[in-house]
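Trainee: next one to model:
(chains A, B and C)
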Amino acid sequence: MISDYEQQIYGYADKEFNIASPSQLAEVLFDGLKLPTNGIKKGKTGLSTAATELDKLRNKHPIIDLITQFREVSKLKNTYVDTLPSQVDEQGRIHTTFNLTVAQTGRLSSSDPNLQNIPIRTELGRRIRTAFIAGKGKKLVSADYSQFELRLAAVLADDKQLIDIFNSGADIHTETAALIYEREEEDVTKQMRSAAKTINFGIIYGMSPHGLSVATGMTNFQAANFIDKYKEVRKPIFEYMDHVKDQAKKDGYVATLFGRRRPMPDINSSNFAIRQGAERAAINMPIQGTEADLMKLAMIKVDGLIKSKFKNCNMLLQIHDSILMECNEEDANEVAHILKSTMEEIYKLPIKLDVDVSIAENWGEL
DNA sequence: AAAGAAAGCGCG
DNA sequence: AAAGCGCGCTTTCTTT
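Mentor: Numbering: from 1, shown residues only, chains lettered A, B, ... in the order given. Okay, the predicted model is just below:
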């Protein structure tokens, strides 16, 4: 209950204030309660109260957990619970707008309302998805590419070892941890796998040692060592990243596997921060952009196949690496199969693509 | 009163 | 000096 959190927070703060106001919250935490400010990021207006910063204060004061929970619940209420019902039409359906020319990488975006960011990561948030239900006599069918971007990074970098790991069906993060820590797979701990997972994803965004240390809790030194080891293990990935950066600096653009370009006007900026930002964006674009290209091809092909074969079967949403469809109950298994095979075989690549499908009455159970 | 910046956070 | 890509939405606070 939001008001319960509010009362408890006011109790610890010894006064009522607007918890949703970062400046008032910072005043309570750092002036009133005198919580330590070393290591807390500063923004343009003062000390940050973002979740990553509050995390550093977790064991310093019980008010921190309450603020985190207050934020989770108020975010879900304000953004989803209070707004989505009013956007439902007479048929009981809700409609988004897919924008095709907004995202710099070629992805779709969704707005009014955004149905590409409906919660799933927390138990409470996931419950919001259960409100999205299939029509009478129908089922929802979802199909998700598994580790799509990392597979594409392996292909673009022509990293044979990484491609082999994916094609063998092994757990990519465990395998990476085994290589970095020089252990057998069965001796990889949860922490090792988690660190490998962070870097597997972080690397395709151009993550630095500092970023890795913040994300994992390692020291800067440990993070730098870890990345050095990763560099040895995944040489082709790093050579590829250098190659993309060089190309961008020379040509002023980067491109997807299919040649679709993104101009990179800031890639030679004399401003260090701007230039580095452009470099990270350049590294990521061919990967995220190729994902978007393949998804569009898959959507077109799936739609053609489905429309010619089934009645009352429609694509409802695309969420970057997944497609959500609704079809008659009796067609669900077949639709799922068509989705899986079409998406996995959409384009001949040196890597196996893997699509997970599932069928349910509501979005929360998928 | 409206418009914009900033902070924060939901998703992939 | 900065430190992880791509989005859209809500709230607070400031500027016009």
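
Trainee: ok, the residue in the stretch 1-150 of chain A that DNA strand B sits nearest to - contacts?
Mentor: Of all residues in the stretch 1-150 of chain A, A:Gly43 sits closest to DNA strand B, at 2.6 Å by C-beta to the nearest atom of the strand. For the C-beta atoms, the positions are set from N, CA and C on the backbone; glycine is no exception. Under the criterion of C-beta atoms under 8 Å, 6 or more residues apart in numbering, A:Gly43 has no neighbours.

Trainee: from A:Ile306, how far out is it?
Mentor: Note on A:Gly43: its distance to A:Ile306, by C-beta to C-beta, to the nearest Å, is 48 Å.

Trainee: with A:Gln318 instead?
Mentor: Taken as C-beta to C-beta, the span from A:Gln318 to A:Ile306 is 14 Å.

Trainee: give me the three-state assignment for the spatially closest residue to A:Ala154 that is not a sequence neighbour.
Mentor: Closest residue to A:Ala154 apart from its sequence neighbours, by C-beta to C-beta, 6 or more residues apart in numbering: A:Leu162 at 4.0 Å. Judged by DSSP: H, G, I helix; E, B strand; the rest coil, the three-state class of A:Leu162 is helix.

Trainee: and for the one 5 residues further on?
Mentor: Taken by three-state DSSP, the conformation at A:Asn167 corresponds to helix.

Trainee: what sits against the residue lying closest to it once chain neighbours are set aside?
Mentor: Distances taken as C-beta to C-beta, 6+ apart put A:Lys352 closest to A:Asn167, at 5.1 Å, once the chain neighbours are dropped. Contacts for A:Lys352 were tallied using C-beta under 8 Å, 6+ apart; they are A:Phe166, A:Asn167, A:Glu344.

Trainee: where does A:Lys352 fall, phi/psi-wise?
Mentor: Per-residue torsions, A:Lys352: phi -80, psi 130 (degrees, to the nearest 10).

Trainee: find the closest residue to DNA strand B in the stretch 151-300 of chain A.
Mentor: For the stretch 151-300 of chain A, C-beta to the nearest atom of the strand, closest residue to DNA strand B: A:Gln288, 6.1 Å.

Trainee: neighbours around that residue, how many?
Mentor: By the measure other C-beta atoms under 10 Å, the count of residues near A:Gln288 is 24.

Trainee: mind checking pLDDT for it?
Mentor: pLDDT for A:Gln288: 98.

Trainee: any idea how far A:Phe201 is from it?
Mentor: 12 Å.

Trainee: overlap in contacts, the two.
Mentor: Both A:Gln288 and A:Phe201 are contacted by A:Glu149, under the criterion C-beta under 8 Å, 6+ apart.

Trainee: which parts of the stretch 1-150 of chain A are strands?
Mentor: Along the stretch 1-150 of chain A, the stretches classed as strands by DSSP state E, counting those that start in this stretch are A:97-99, A:109-111, A:138-145.

Trainee: neighbouring strands - and their directions - for the last one?
Mentor: Which is strand A:138-145. strand A:322-328 (antiparallel), strand A:355-360 (antiparallel) (DSSP bridges).

Trainee: make a markdown table from those strands and add distance to DNA strand C, mean pLDDT and mean neighbour count to it.
Mentor: Formatted as a markdown table, the strands paired with strand A:138-145 follow (distance: least, C-beta to the nearest atom of the strand, whole Å; pLDDT from 0 to 100; neighbours: other C-beta atoms under 10 Å):
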| stretch | distance to DNA strand C | mean pLDDT | mean neighbour count |
| --- | --- | --- | --- |
| strand A:322-328 | 12 | 98 | 22 |
| strand A:355-360 | 19 | 98 | 17 |
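
Trainee: out of these, which comes closest to DNA strand B?
Mentor: With C-beta to the nearest atom of the strand as the measure, strand A:322-328 is the member of the strands paired with strand A:138-145 nearest DNA strand B (5.7 Å).

Trainee: flag every buried residue along the helix or strand following that closest one.
Mentor: On the C-terminal side of strand A:322-328, the closest following helix or strand by DSSP states H and E is helix A:332-344. Of all the residues in helix A:332-344, those buried under the rule 16 or more other C-beta atoms under 10 Å are A:Ala332, A:Val335, A:Ala336, A:Ile338, A:Leu339, A:Lys340, A:Thr342, A:Met343.

Trainee: alright, calling it a day.
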